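Novice: build me a model from this:
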Amino acid sequence: MSTKITITTYDWVPEFAHGYVRDIRVRWLCEEIGRDYDIETVPVREKSPEHYSRQPFGQVPILTDGELSLFESGAILLYLAEGSPLLPEGHNRAIATQWLIASLNSVEPYAMKWAEAKFFTKDEALAARCEKPLRERLKQVQNGLGDREWLAGDSFSVADLMMSDVLRAPANNGLLDDLPGLASYLERSTSRPAFGRAMADHMAHWRAADERLAASE
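Specialist: Purely as a prediction, here's the structure:
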């Protein structure tokens, strides 16, 4: 029997980050594979030495599974997907791993530069400059997907989960409006019941955090 795992996320984040903290990726995968989990938190504002001892960069999520403590969302997803249909066998396993890494290395850095300018520093000129290369990357993802339903084989995989999460913020700000193939792909992914359950729990966490903060002020 699988042990219950613990996902560590922040205790609070600003409203614009609701829905995008990367614990959503781990929650979503757990919902897909039916893995129970607990949530614990670390402060977002005053990061402790204990936090840095578990995650050298002071980020989240962190996974705890027995004696194992694991950071980096890509590593966590690959670990949890092992032995499940989300990490297929044979050549499709290599292809799924390829696209998961591409999501993190070739797409997300462009999305993060754009998001930091647009939502964190609110530098519209910089956001506009970052948007152009991001749009080119998004077009390249659509081209790479082609007319396939999923990135690796005939079924939804860990690669699609990761890529779809990377695509959500650009999509929610209109950057997929001229990429119908990619928009349809994202809709297929986020229409999955597991995503809906994960997002509902994710958002409930932030609503409760806001309520605690308001009550303390």
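
Novice: from here on, contacts and neighbour counts on C-alpha atoms
Specialist: OK.

Novice: my guess is residue 107 meets residue 166, correct?
Specialist: Yes: using CA atoms under 8 Å, residue 107 is in contact with residue 166, at 7.5 Å.

Novice: where does this structure have low pLDDT?
Specialist: Screening the chain residue by residue with the criterion pLDDT under 70, one finds the ranges 1-2.

Novice: in it, which spans are helices?
Specialist: The residue ranges that make up the helices of the chain, judged by DSSP state H, are 23-33, 49-54, 73-81, 91-102, 108-115, 124-145, 158-172, 180-190, 193-216.

Novice: tabulate these (JSON lines), appending mean neighbour count and distance to residue 14.
Specialist: Rendered in JSON lines, the data for the helices of the chain read as follows (neighbours: other CA atoms under 10 Å; distance: least, CA to CA, whole Å):
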{"stretch": "helix 23-33", "mean neighbour count": "22", "distance to residue 14": "15"}
{"stretch": "helix 49-54", "mean neighbour count": "13", "distance to residue 14": "20"}
{"stretch": "helix 73-81", "mean neighbour count": "18", "distance to residue 14": "21"}
{"stretch": "helix 91-102", "mean neighbour count": "18", "distance to residue 14": "28"}
{"stretch": "helix 108-115", "mean neighbour count": "19", "distance to residue 14": "14"}
{"stretch": "helix 124-145", "mean neighbour count": "16", "distance to residue 14": "19"}
{"stretch": "helix 158-172", "mean neighbour count": "21", "distance to residue 14": "15"}
{"stretch": "helix 180-190", "mean neighbour count": "18", "distance to residue 14": "23"}
{"stretch": "helix 193-216", "mean neighbour count": "15", "distance to residue 14": "9"}
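
Novice: with distance to residue 151 as added columns, please give these in a markdown table.
Specialist: Converted to a markdown table, the helices of the chain look like this (distance: least, CA to CA, whole Å):
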| stretch | distance to residue 151 |
| --- | --- |
| helix 23-33 | 16 |
| helix 49-54 | 32 |
| helix 73-81 | 16 |
| helix 91-102 | 7 |
| helix 108-115 | 16 |
| helix 124-145 | 6 |
| helix 158-172 | 6 |
| helix 180-190 | 10 |
| helix 193-216 | 18 |
